[in-house]
Every structure is written in structure tokens, then in C-alpha cells.
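J.: Kindly generate the corresponding structure for this input.
(2 chains)
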Number of protein chains: 2
Amino acid sequence: MKMRISKIGERKVIEEFSEIFSSREWVEIGIGDDAAVLRAQDGKVVVTSDICTESSHFPRGMSPEQKGFFSITVNASDLAAMGARPIAFLLSISAPRETELEELLGIARGAERACVEYGAPLVGGDTKEGKELVLAGFGIGIVKRPLTLSGAKPGDGVYLSGSLGRVGLGIISLLRGLGIKKYEEAALNPRARVDLGTRLQGVATSATDVTDGLALELWKISSKSGVRIEIEEVPMEEEYIEECIKHGIDPLELALHYGGDLELVFTSRDEEEISSISEELGVEITKIGSVFNGRGVFLNGKEIEPRGYEHFSEKNK
Amino acid sequence: MKMRISKIGERKVIEEFSEIFSSREWVEIGIGDDAAVLRAQDGKVVVTSDICTESSHFPRGMSPEQKGFFSITVNASDLAAMGARPIAFLLSISAPRETELEELLGIARGAERACVEYGAPLVGGDTKEGKELVLAGFGIGIVKRPLTLSGAKPGDGVYLSGSLGRVGLGIISLLRGLGIKKYEEAALNPRARVDLGTRLQGVATSATDVTDGLALELWKISSKSGVRIEIEEVPMEEEYIEECIKHGIDPLELALHYGGDLELVFTSRDEEEISSISEELGVEITKIGSVFNGRGVFLNGKEIEPRGYEHFSEKNK
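T.: Numbers count the residues shown, from 1 in each chain, chains lettered A, B, ... in the order given. Okay, the predicted model is just below:
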């Protein structure tokens, strides 16, 4: 039965919501009180927030389930980039009053699927009427040794999980109707590298997730750590390169500057440990370059522009 | 100089933002990395989130500073209602691309003012383009003995800080142009009872903040605690009652069902301790009723409807 949320009101929506979400043993008070209470084991508390809006952030063609999954995933990815293990998520939603209840429940089911995948429950949030769908996610994690942007040292290697450009090509395919299903799938269902991030504590000297494109992420590490980064390789799938060329897209440009892949880029001196982590988790990790004294980010000797996707900016239109 | 955010982009906005916010000694990593890292002292971590949208949540006539202050305050109030001491806030913002930078900086300054007032820094957030202004706040606190909705026991007294209806009358005055400055001021600058909430740990048996109206908040305590609540008094200022009557508004209806006052309503058996807390903090606290076996919420023997302000619902239009 189709039912608009304006017919049933906020409290009923929240009631329906709370049946979808599961809990965890460290949640002392979950959904339904003024706030949630967590028993945080020893360690430092890591907190992050990402906001996704209908008009600018969800790739065209995303289902409500995928939007819910995505809104948790981007927060999980920020926690992973700090080396933190997620312990809870919150999701605050603004939606137009004519929204169907089924759409909101789809978002909730997608969010729950992500929470289960990343091992931390949804413990709260808020719903309000607004002009468009907005999903504001919050992630809380625990870490012993946080992986910051500022710890890279000359002599470290630079590593990347997976390969780049997949999400960017998928979004372009969805926008232009190119029908490149494999990468559309990657764009609609991005995954956060939570296990890898957690495992990199004490191994990586710096880390971040590739949300704004590899170029910009490396610039962040370079400027925050005060080092020069030289890259010799940008991991891209062969099929990705072929599809790009077929459709007149520059594969390297997309891989360097588009972002959204949620892969982890990090620095470390311990090449052996990295390859055993790669094997242990079944995650492809490539050594893409090295860290030196100096400043700037270079690909095969040529400086890369610190340019990525930027919200508000007129260049994106 | 006026400057639209579309001219300058997200990163510049965040840069300008980060100059506005101060930090605290327990923040190990603040704004500028993938997530913030907090050294949480012993205790349980309390988390909450409230989302405010331009189209439904900010009283007409609110300045950017007041919106920023408000978006942090509603989260501080949820923490206070749990008895938690705030340790950090995050604020995620969606805004149209034609928004002036000065408006966003106003929001940031207001948020910072609230953070200072509640003793916890802003440590992160996100900005994205959207159709309207949306402020999604997130509060993190620490508590030893959380004050839930479910701890009220027969024999407890029911207490309320301050008085009710002030914010509701202020919002109506702003909407209808009645010019009742004192209450407009209360509506534009609501305050969270953080010191009181923290102080009530171990003293109150249940607590909540009056966001949805006293009637509904008492119903939450009644149903979650499995008790009957009898109220003999609804604290209202004399001036408030006079202004209501002058403008044809039912003062009791507004006080019971409108909400937004952010006062704390709580139950306790320790009347003496409550009055010494009242004196110590300089906060007026009134014993408004008592807790009994049974169910329901009654005012002078008559059951009060569990009715308050509800989002999405058609009744509000």
C-alpha cells in the first residue's frame, strides 16, 4: 500500500524505522530516547559527518535502498580513513511531505544493510520536513592509533587499495545513458574499506579515502605532512580504460580528479606487512609511489594539479 | 564584500569556517582530517542528531547567527536530557549555490557561540549544495548514569525547569507580526539546560527536554516507565498568560502542546536535593506533579491528550 508520510506523521515514520534496525551489545540505549548511549571500550572516539542531498550528491538512478546504503558508507569510509572501527551510526533525514513511506523505509533498509556490513548499529537520528531529500549521516568509531593526513615521512611508500575511476565512469554512464553496467553498479553501490582501514593502524603513517580524487587526496597528505609525493602508477582496470577510450573519456583524468571510489590511499614503510594484509583481507593493494623531502605531488616527474570535485563551485556546472 | 559560495567553492568555505571555531584540550584531531578524534574520559558516550530545515524548522526572522546557535542548541538539549556533558559537536550544512558566504559565516559564528556556551567544541561536519538551507547537527557527550525516559517510579515527584509556552508564543508572534518582543527573543534564542541536565545525574529517575510539548513528553515518560503521571500545575509566566489572552490564544493549550521551550521535565524522589540544585544553578524548578502506579497523564484529574507538534503530518498545515 502506498502511503505518503504527510498522512502518517513523524512519530509513525520513526516507529516503522525502528523495526528495521538491529542493535549491538555495546549499545546501552538505542533508538527511542533523547539520545543514544554507547559503552565505548578503551580507545579514542572518532566522529565524522557527511551530508548527501538529492540535488547534488546521489548518482542518477539510485534506488532508496542504495541512497540509504550510500549515506552510511561515506561515513564508514571516513572512519576507515582514520583507522577507526565503527561502533555506531546516526542518520538524520529531511524529506518533502509528499514522499512515500515506502521510499523512506527503503532508505532505512539500505542504511541497515550498510550498518550490518560495517559492524556497527544505527542508534538514532531525526526526520524533518524539507524541500528535498537530504540524508545527513554521522559515524562514531574507536581507534587506538589514528591514521591522520599528517604522518607521511620521506622514505615511506605510497599505497592504494583497488583501482580508480570506476565510480566516476559509472556516474558518467548513468548521466549519459551509456549503459556500462559494471561501473554503474560500482557507482550505485560503493563500499567503504573498513576492515583495511582498521588493520592499517600502526602500519600506515598516513591515510585517507579517495573521495575527492587521488590528486587532491595526495595533495592533502603532501601539505599536511610537509612532504613531496612522487607517483609512478595509477591503478586502473583494463576494462575501465577500454570503456573510457570507447566513449571518448580520458581514463587518467577521471582516475586522478573525479573521486568517489572510496579506496584508501596511505603511506607506510612496511612493504612486507602491507602485502600480508593484502593477502589476509583479499584486497588488492598497489604500491603507487614514494614519499620524499620537499613539497608537491608528481606523476612521472610532472606536477599533478590539486584539482578534484568541489561542491558549490561554478566549475562543476 | 558580498560573495556567493558558488564563486569560491566548498574548500574555501571550510577554510573560512575553521578560523571561526575554537578547540578544547580533549580534542586530539579537530577540523581538517577525515574525521575528528576525541579523548573520551571514562564514562559512556552519548550521541544525538537533530536536523533543521529552512522550510520547516527555523522560526521566521531568525538571523544566520541564530540559526547556527539553534542547530547546536537542540543537540545540546538532547544531551542535557540524558544527563550528559557535551564533549563535541559536528554541523553538516546543505545550502543553495547562490547563498552568500557571509550567511554561512554567520551560521558558523552562531554555532561557535553555542559551542562555547555548552563547553564543547565543533570538531567537524560537511558542506554540500542543496535546494534549501539544511543544518544537521550532531552532539557527543559523556555520562556516568544516563537519565532515560524509563526510570520514573511511583512515589517520585515530577519537576520542570523554567516555564512553558514562551517559545510557542514567540513563534506565533513572529508569524502573525504581533510584536511581543520578549517572547520573540525567547523563540529566536532558545537555550539548552546543559548544566542542569548534567547535575541531575543520580538525582533524577527519568528526564527529557520539552521539544514536542509538555503533554507529549510526559506521555513518553509515562509509557516508557509504565507509570501514571498526575500534574497539578503548569508553570507559566503571568506576562505570558496576559499576552496570550490579549491575542486570543489559549495559554494552557500552547504550554501543553506546542513545545520548543527546551526546558527539562524530570522525575525524582529527592525534593531537598532538587531545591538545592535550583539554588546552586539559579534555575527555577517547580514541582508540577507526582508519579503513581497505572498509566496515562492527567492534569487535575483529567487525562491530557498525547498530542504535540509533529513533522510531515497534515494536521500542522
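J.: How is chain A divided into domains?
T.: Domains of chain A are assigned by automatic domain parsing as A:13-143, A:157-309.
J.: nearest to chain B, of these?
T.: Proximity to chain B (CB to the nearest CB) singles out domain A:13-143 among those, at 3.2 Å. (Each C-beta comes from the backbone N, C-alpha and C, glycine too.)
J.: Highest average neighbour count across the domains of chain A: which stretch is it?
T.: Counting by mean count of other CB atoms under 10 Å in any protein chain shown, domain A:13-143 has the highest mean neighbour count of those, with a mean of 23.
J.: Mind listing residues that contact the helix or strand that contains A:Ile274?
T.: Using DSSP states H and E, A:Ile274 sits in helix A:271-281. Under the criterion CB atoms under 8 Å, 6 or more residues apart in numbering or on different chains, residues A:Gly157, A:Tyr159, A:Asp195, A:Leu196, A:Arg199, A:Leu200, A:Val203, A:Ser268, A:Val283, A:Glu284, A:Ile285, A:Lys287 lie in contact with helix A:271-281.
J.: swap in stretch A:243-256?
T.: A:164-165, A:168-169, A:172, A:176, A:178, A:180, A:183, A:213-215, A:234, A:236, A:240-241, A:299, A:304.
J.: Any stretches of the stretch 201-317 of chain A with poor pLDDT?
T.: A:309-317 (pLDDT under 70).
J.: so A:Gly119 touches A:Phe89, yeah?
T.: No - the pair A:Gly119 and A:Phe89 fails to qualify as a contact (CB atoms under 8 Å) at a distance of 10.6 Å.
J.: Chain A: strands as residue ranges?
T.: Using DSSP state E, the strands of chain A run over A:27-29, A:36-38, A:44-53, A:85-95, A:122-129, A:134-143, A:157-161, A:204-209, A:228-231, A:264-268, A:285-292, A:296-299, A:302-303.
J.: Now render the ones you listed as CSV, adding distance to chain B.
T.: CSV is the format used below for those (distance: least, CB to the nearest CB, whole Å):
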stretch, distance to chain B
strand A:27-29, 6
strand A:36-38, 5
strand A:44-53, 4
strand A:85-95, 4
strand A:122-129, 4
strand A:134-143, 3
strand A:157-161, 15
strand A:204-209, 6
strand A:228-231, 17
strand A:264-268, 10
strand A:285-292, 18
strand A:296-299, 16
strand A:302-303, 19
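J.: In CSV, list those strands along with distance to B:Asp250.
T.: Output for these, formatted as CSV (distance: least, CB to CB, whole Å):
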stretch, distance to B:Asp250
strand A:27-29, 36
strand A:36-38, 36
strand A:44-53, 39
strand A:85-95, 31
strand A:122-129, 25
strand A:134-143, 35
strand A:157-161, 62
strand A:204-209, 54
strand A:228-231, 67
strand A:264-268, 59
strand A:285-292, 67
strand A:296-299, 66
strand A:302-303, 70
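J.: related to what we said a few turns ago, looking at the contacts of helix A:271-281, which is nearest B:Val74?
T.: Distance ranking of the contacts of helix A:271-281 against B:Val74, using CB to CB, places A:Asp195 first at 35.4 Å.
J.: give the contact list for that closest one.
T.: Per CB under 8 Å, 6+ apart, neighbours of A:Asp195: A:Leu281, A:Val283.
J.: and the gap between it and B:Arg145?
T.: 35 Å (CB to CB, to the nearest Å).
J.: Next: A:Leu214.
T.: For A:Leu214 relative to B:Arg145 (CB to CB), the value is 48 Å.
J.: so how far is A:Ser55 from A:Ser71?
T.: 15 Å.
J.: no wait, A:Ile107
T.: In terms of CB to CB, A:Ile107 sits 16 Å off from A:Ser55.
J.: For the closest residue to A:Ala35 other than its chain neighbours, name its beta-bridge partners.
T.: The spatial neighbour of A:Ala35 that comes closest, neighbours along the chain excluded (CB to CB, 6 or more residues apart in numbering or on different chains), is B:Thr48 at 3.5 Å. Beta bridges link B:Thr48 to B:Gly139, judged by DSSP bridges.
J.: sorry, back to before: quick one: the helix holding A:Ile274 to chain centroid distance?
T.: 22 Å (CA atoms, centre = their mean, to the nearest Å).
J.: repeat for stretch A:143-151
T.: 17 Å.
J.: before we move on, back to that, my guess is the residue nearest to A:Ala35 contacts B:Ala76, does it?
T.: No - when contacts are counted by CB under 8 Å, B:Thr48 is not listed as touching B:Ala76 (9.1 Å).
J.: what touches both of these two?
T.: In contact with both B:Thr48 and B:Ala76: B:Gly139, using CB under 8 Å, 6+ apart.
J.: which one is A:Glu239 nearest to, not counting chain neighbours?
T.: Using CB to CB, 6+ apart, the closest residue to A:Glu239 is A:Lys182 (7.1 Å).
J.: Mind pulling up the pLDDT for that neighbour?
T.: Per-residue pLDDT puts A:Lys182 at 97.
J.: where's it relative to B:Glu233, distance?
T.: From A:Lys182 to B:Glu233 the distance is 67 Å (CB to CB).
J.: tell me the mean pLDDT over stretch A:23-43?
T.: So the average pLDDT for stretch A:23-43 ends up being 79.
J.: whoops, I mixed them up, stretch A:128-140
T.: The model assigns stretch A:128-140 a mean pLDDT of 94.
J.: And stretch A:181-196, end to end?
T.: 27 Å (CA to CA, to the nearest Å).
J.: Kindly report the same for stretch A:89-108.
T.: 12 Å.
J.: Also stretch A:222-235?
T.: Terminal-residue distance, stretch A:222-235 (CA to CA): 20 Å.
J.: so where is the stretch 1-150 of chain A shaky, pLDDT-wise?
T.: Ranges of the stretch 1-150 of chain A meeting pLDDT under 70: A:1-2, A:7-8, A:10, A:41.
J.: how about the helices of it, start to end?
T.: A:5-20, A:64-81, A:101-118 (DSSP state H, counting those that start in this stretch).
J.: So which of the ones you listed is nearest A:Ser223?
T.: Nearest of the helices of the stretch 1-150 of chain A to A:Ser223, taken as CB to CB: helix A:64-81 at 16.4 Å.
J.: No further queries at this time; thank you.
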